[in-house]
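> here's my sequence, what's the structure:
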Amino acid sequence: MAHYKEICTIMNNQDKNSYVKRQITNALLELLKERELSDINIGEITDKAEVSRNSFYRNYADKEDIIRNYLYQFLSEWDTEWKQKNSDSNAELFGHLFMYLKQHGDMMMLIQKRGLFHLFKESYLSIWGPSETMDNMAAYTLSFIANGVLGWIEEWLKRGMCESAENMSALLSKHGMS
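Predicted coordinates:
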């Protein structure tokens, strides 16, 4: 704990807050490897993270909020990486997405195993789903595509991510998502 305080004395407030969030997230992900989310309490998370309960509640409303924020950041990082590629190819997009998910397969399988895919879906749709500002047809179309891809991702996870990213992209392309 003394080491933590040493680190914090040389960090600015933003760095401290990022550190605390990272510690809390890592602690919860480690605990999820052992138990269901409902069997983990806030005290266990803060003890493992070596942060105060106040730090937890300053950053999160509840345990699901930790996962929700983590997944949103995870998907946003992929989105930023993808946009830098500057490609209009859906086949490349899907291949890149499935490759990213496969690279983080342990975490994705943990989310699936613990019944937390709804948080992945929520984060995914908040980035790539329809918005209230869209006209109806655009929203319906985007909803159809986004939820279809989510269905593929969820089923792929349920089946153990057996297919490669390239194979998943080829399958999607073969079935009209090219």
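
> pLDDT score for the nearest residue to Y70 once chain neighbours are set aside?
Nearest residue to Y70, sequence neighbours excluded (Cβ to Cβ, 6 or more residues apart in numbering): T25, at 5.1 Å. C-beta: built from backbone N, CA, C; applies to glycine. What the model reports for T25 is a pLDDT of 97.

> mind listing the helices for the chain?
2-9, 13-34, 42-49, 53-59, 63-85, 90-103, 105-113, 117-128, 136-158, 165-174 (DSSP state H).

> by mean pLDDT, show me the worst of those helices.
helix 2-9 (a mean of 49).

> what's near enough to touch the residue most central in space within the chain?
Residue closest to the average C-alpha location in the chain (Cα atoms, centre = their mean): L71, at 2.0 Å. The neighbourhood of L71, defined by Cβ atoms under 8 Å, 6 or more residues apart in numbering, consists of I111, L119, F120, E122, S123, Y124.

> ok, these vs A170, which is closest?
For the contacts of L71, the residue nearest A170 by Cβ to Cβ is Y124; the value is 21.5 Å.

> mind listing what the nearest residue to E64 once chain neighbours are set aside touches?
Excluding the flanking residues, the one nearest E64 by Cβ to Cβ, 6+ apart is L119, at 6.2 Å. Residues in contact with L119 (Cβ under 8 Å, 6+ apart) are E64, I67, R68, L71, I111.

> then Q103?
With Cβ under 8 Å, 6+ apart, Q103 has no contacts at all.

> quick one: L119 from Q112, how far?
As judged by Cβ to Cβ, to the nearest Å, L119 and Q112 stand 11 Å apart.

> can you give me the buried ones in stretch 14-21?
Y19, V20, K21 (16 or more other Cβ atoms under 10 Å).

> do the same with stretch 67-81
For stretch 67-81, by 16+ other Cβ under 10 Å, it's I67, R68, N69, Y70, L71, Y72, F74, L75, W78.

> send me that stretch as CSV with only the CA atoms.
Coordinates of each C-alpha in stretch 67-81 appear next as CSV, following Å, rounded to 0.1, in the frame of the first residue of the first chain:
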residue,chain,number,x,y,z
ILE,A,67,-17.6,-3.6,-16.9
ARG,A,68,-19.8,-1.3,-19.0
ASN,A,69,-17.1,1.4,-18.9
TYR,A,70,-14.3,-1.1,-19.6
LEU,A,71,-16.1,-2.5,-22.7
TYR,A,72,-17.0,0.9,-24.0
GLN,A,73,-13.3,1.9,-23.8
PHE,A,74,-12.3,-1.4,-25.3
LEU,A,75,-14.6,-1.0,-28.3
SER,A,76,-13.8,2.7,-28.7
GLU,A,77,-10.1,1.8,-29.0
TRP,A,78,-10.9,-0.7,-31.7
ASP,A,79,-13.0,1.9,-33.5
THR,A,80,-10.2,4.5,-33.4
GLU,A,81,-7.7,1.8,-34.7
